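In: Fold the following and give me the result.
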Amino acid sequence: MSNLDFANALTAWRQGDRQALDQLFETVYAELRALASRQVASESSRTLSATALVNEAYLRLVKREVACEDRAHFLAVTSRLMRRILVDFARSRGREKRGGALPLLPIDTAALGLAAPSLDVLDIHDALDRLSVLDSRKAEAVELSFFGGLTNEEIAQALGVSINTVGRDLQFAKAWLRRELSS
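Out: Numbering: from 1, shown residues only. This next block holds a predicted model:
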């Protein structure tokens, strides 16, 4: 689907055309599925599959009235939904902040340059919330990169900043997260 077709489908969806949302999701499904696979790859009990994560994101998107402007913004919104789903799932499993009885929902942290493979999605979520208080744009850039799989160019477009700014934001945020999560 061309950028123009994608934009037209977004407009149709905003005007209430549910089939347009189906088209949009079909177009980005493979990307979202690959991203979701990475996010749930280390989840040991496999109770949340990549397909289930993408499907839940679709269902939540259907319920929301979101005015996406382009492909990057659509992927950004969907990635935020997927983050929220992972966090909700981890919380629903009854994990307490410190040493709960149920297993963690581990997440692939290699994309953040973190050496600790046992980090839980809630640890990442909490750290991003703390970063957001300090600098919301940097936290959003990491969220779009890590949870959304967006390129620096797509992140720049979604945030309305230059690609160089995104690069600097991600570099700072990853260093901050490494320090924050290693302590």
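In: In this structure, where is pLDDT below threshold?
Out: For the chain, applying pLDDT under 70 flags the ranges 41-47, 94-119, 183.
In: all strands for it, in order.
Out: With strands called from DSSP state E, the chain shows none.
In: Let me see the ranges of the helices in it.
Out: With DSSP state H as the criterion, the chain has helices at 3-14, 18-40, 50-63, 71-92, 121-134, 136-146, 152-159, 163-182.
In: Most tightly packed of those helices?
Out: Mean neighbour counts were compared across the helices of the chain using mean count of other C-beta atoms under 10 Å; the top stretch is helix 136-146, at a mean of 22. Every C-beta, even on glycine, is put in place using the N, C-alpha and C of the backbone.
In: Convert the C-alpha atoms of that one to CSV, please.
Out: Extracted as CSV, the C-alpha positions of helix 136-146 are listed here (Å, rounded to 0.1, in the frame of the first residue of the first chain):
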residue,chain,number,x,y,z
SER,A,136,9.0,12.8,27.8
ARG,A,137,10.3,13.1,24.2
LYS,A,138,13.3,10.8,25.0
ALA,A,139,11.0,8.3,26.7
GLU,A,140,8.6,8.4,23.7
ALA,A,141,11.5,7.9,21.3
VAL,A,142,12.6,4.7,23.2
GLU,A,143,9.0,3.5,23.3
LEU,A,144,8.6,3.9,19.6
SER,A,145,11.9,2.3,18.9
PHE,A,146,11.7,-0.6,21.4
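In: Give me the helices and strands touching that helix, please.
Out: For helix 136-146, the helices and strands in contact under the criterion 3 or more C-beta pairs under 8 Å, 6 or more residues apart in numbering; DSSP states H and E are helix 71-92, helix 121-134, helix 152-159, helix 163-182.
In: Kindly reformat those helices as a markdown table containing distance to A141.
Out: Compiled in a markdown table, the helices and strands packed on helix 136-146 are given as follows (distance: least, C-beta to C-beta, whole Å):
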| stretch | distance to A141 |
| --- | --- |
| helix 71-92 | 10 |
| helix 121-134 | 10 |
| helix 152-159 | 5 |
| helix 163-182 | 4 |
